[in-house]
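S.K.: Coordinates only, no sequence provided:
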């Protein structure tokens, strides 16, 4: 394939998951500004990716468990759901929507295992991944985040405050006026908005009281076991009789006039307490700065610390747009910090990013995505299972001897699985070892090599003597080169 410009390659790695050979035509005639608009204003592209599951020219999904009818059931089986999301990342026409859904999954980190322990495996999965309209009940958490991927942060925070998976994860279902539960009240400040240095312990207790009565109710057919009715569900319920009606005072302003106290309200009016706190936290200047720093690490660089000028500029866009995320991301992707060539390949690939990009760049012919789950878990990331409420340890913490071995093993597996496909696609255009290396570096895009590694790759291609140009030689060498490129240290950067 013809390589896109370095600027577009960079944009598609950060705002998506790289670009496959079949996607190059979509972007090759776009200017940078047009490509940003295409990614950010993704509603102009069809959201038809789930409908393409099962097509022979796409990656394969298979039922993860041997069920009676052998059905692929991603709304009630968490392993099938993992395949569906990986399929979406590979084949979506809206890559930034999936990339931001992944960002929010880590920001509002919620683990399936606790949900399954509480509600059984079937309903635990449904709480995380149910796609509205498939079965009865509300959208799962990830579908809510996908719908709001570039939406209003205040609204996302409000949705997560009422999300059934979050209420179980942080024990909100037991938050009553007789015994306020502090977990969600703490995390909405510490992890979701203003950060650890900007609230007090008394704020935690006040926030717990704010959300008393924000509980759950079960459908009439709900049972918390592994044999649940597929149409059973849990949903948010506001219980006025369980709400603490007294005033709640915070160490930071709640209202524009500077008042720090949510006033006493009647039970019937107490729901407004939570809305007032969410409004205050989402518009707090420290929330704006904290989100700006997280966006720096996600979009710009993990090598360099956040530039204070970037943090302030991004925070201002966030506040001026009343917490709308779309203009914030548009600003970042067109900013001089993002486009600076020194920030290319300056972030460490999450395992799911590494796997998705490798599949897109090497190929997916007859690849069964169910077989990708275990290698990705060995790399340190299992979708829907962050280690705790703080999310995954990012940056260099992704890498250890064991996780790098897992990445190298995956590189060997994907290269081997696609060797016939690679040879068939390369044969018309490759007539020399130099041509093979050049073509593969266009297709598989690691960070630029120094001269010595590039010479080592040429030595590998010529290890058996001068290039002969046979089909078998191309089949062997192309797959071996793909394995070396995907497994090298330069490919671990995005």
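M.R.: Nice, I can see it. Note that the structure is predicted; figures quoted are calculated from it, not measured. Numbers count the residues shown, from 1 in each chain.

S.K.: Centre-most residue in the chain?
M.R.: For the chain, residue 102 is the residue whose C-alpha lies nearest the centre (Cα atoms, centre = their mean; 1.0 Å).

S.K.: For it, which non-adjacent residue is spatially closest?
M.R.: residue 352 (6.8 Å; Cβ to Cβ, 6 or more residues apart in numbering). C-beta: built from backbone N, CA, C; applies to glycine.

S.K.: pretty sure that neighbour is touching residue 385, no?
M.R.: No - Residue 352 lies out of contact with residue 385 (Cβ atoms under 8 Å); the separation is 11.8 Å.

S.K.: now the strands for the stretch 101-250 of the chain?
M.R.: 214-218, 234-238, 248-249 (DSSP state E, counting those that start in this stretch).

S.K.: Give me the buried positions along the first one.
M.R.: By neighbour count, with 16 or more other Cβ atoms under 10 Å as the criterion, the buried positions of strand 214-218 are 214-216, 218.

S.K.: now stretch 484-494
M.R.: 484-488, 491-494.

S.K.: burial measure for residue 365, as a count.
M.R.: Residues near residue 365, counting by other Cβ atoms under 10 Å, number 17.

S.K.: And the one 3 residues further on, by the same measure?
M.R.: Burial of residue 368 is recorded as 13 neighbouring residues (other Cβ under 10 Å).

S.K.: Find the nearest non-adjacent residue to it, please.
M.R.: residue 60 (4.8 Å).

S.K.: Now do the phi/psi pair for the one you found.
M.R.: The phi/psi pair for residue 60 (degrees, to the nearest 10) reads phi -100, psi 140.

S.K.: same deal with residue 274?
M.R.: According to degrees, to the nearest 10, residue 274 has phi -70, psi -40.

S.K.: Equivalent analysis for residue 428, please.
M.R.: Dihedral pair for residue 428: phi -60, psi -20, per degrees, to the nearest 10.

S.K.: Equivalent analysis for residue 463, please.
M.R.: phi -60, psi -30.

S.K.: Name the nearest residue to residue 85, sequence neighbours excluded.
M.R.: Nearest residue to residue 85 in three dimensions, chain neighbours excluded: residue 383, at 5.8 Å (Cβ to Cβ, 6+ apart).

S.K.: Which helix or which strand is home to the one you found?
M.R.: Using DSSP states H and E, residue 383 sits within no helix or strand.

S.K.: Residue 141 versus that one, what's the distance?
M.R.: According to Cβ to Cβ, to the nearest Å, residue 383 and residue 141 sit 12 Å apart.

S.K.: and stretch 271-291, which residues are buried?
M.R.: Buried residues in stretch 271-291, counted by 16+ other Cβ under 10 Å: 273-274, 276-284, 286-291.

S.K.: now stretch 111-129
M.R.: 111-112, 114-116, 118-129.

S.K.: same check, this time on stretch 454-472
M.R.: Using 16+ other Cβ under 10 Å as the test for burial, stretch 454-472 gives 457, 461, 467.

S.K.: Turn these into a markdown table, columns for secondary structure and distance to residue 200.
M.R.: Below are the buried residues of stretch 454-472 laid out as a markdown table (DSSP: H, G, I helix; E, B strand; the rest coil; distance: Cβ to Cβ, whole Å):
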| residue | secondary structure | distance to residue 200 |
| --- | --- | --- |
| 457 | helix | 57 |
| 461 | helix | 63 |
| 467 | coil | 69 |
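
S.K.: Closest one to residue 161 out of those residues, please.
M.R.: The nearest member of the buried residues of stretch 454-472 to residue 161, counting by Cβ to Cβ, is residue 457 at 51.8 Å.

S.K.: so who does the closest one touch?
M.R.: Residues near residue 457 by Cβ atoms under 8 Å, 6 or more residues apart in numbering: 437, 449, 481, 484-485.

S.K.: at 6 Å what do you get?
M.R.: Neighbouring residues of residue 457 by Cβ atoms under 6 Å, 6 or more residues apart in numbering: residue 437.

S.K.: ok, it to residue 196 distance?
M.R.: On the measure of Cβ to Cβ, residue 457 and residue 196 end up 46 Å apart.

S.K.: Residue 446 too?
M.R.: Using Cβ to Cβ, residue 446 is found at 37 Å from residue 196.

S.K.: Pick out whichever of the two has more residues nearby.
M.R.: The neighbour comparison of residue 446 against residue 196 (other Cβ under 10 Å) goes to residue 446, with 19 against 10.

S.K.: Secondary structure class of the more buried one, three-state.
M.R.: coil (DSSP: H, G, I helix; E, B strand; the rest coil).

S.K.: Which pLDDT value goes with it?
M.R.: pLDDT, residue 446: 95.

S.K.: Residue 402 - how many residues pack around it?
M.R.: 11.

S.K.: Please, which helix or strand holds it?
M.R.: Per DSSP H and E: residue 402 is located in helix 401-417.

S.K.: buried sites along that helix?
M.R.: Going by neighbour count (16+ other Cβ under 10 Å), the buried part of helix 401-417 is 403, 406-407, 410-415, 417.

S.K.: what about it, distance to the chain center?
M.R.: 21 Å (Cα atoms, centre = their mean, to the nearest Å).

S.K.: Quick check: which ranges of this protein have low pLDDT?
M.R.: Counting by pLDDT under 70, the low-confidence segments of the chain come to 1-2, 66-69.

S.K.: Now with 90, please.
M.R.: Applying pLDDT under 90 to the chain picks out residues 1-3, 22, 64-71, 133-134, 225-228, 427-429, 464, 469.

S.K.: tell me the domain boundaries of it?
M.R.: Domain segmentation of the chain under automatic domain parsing yields 108-283, 287-343, 349-492.
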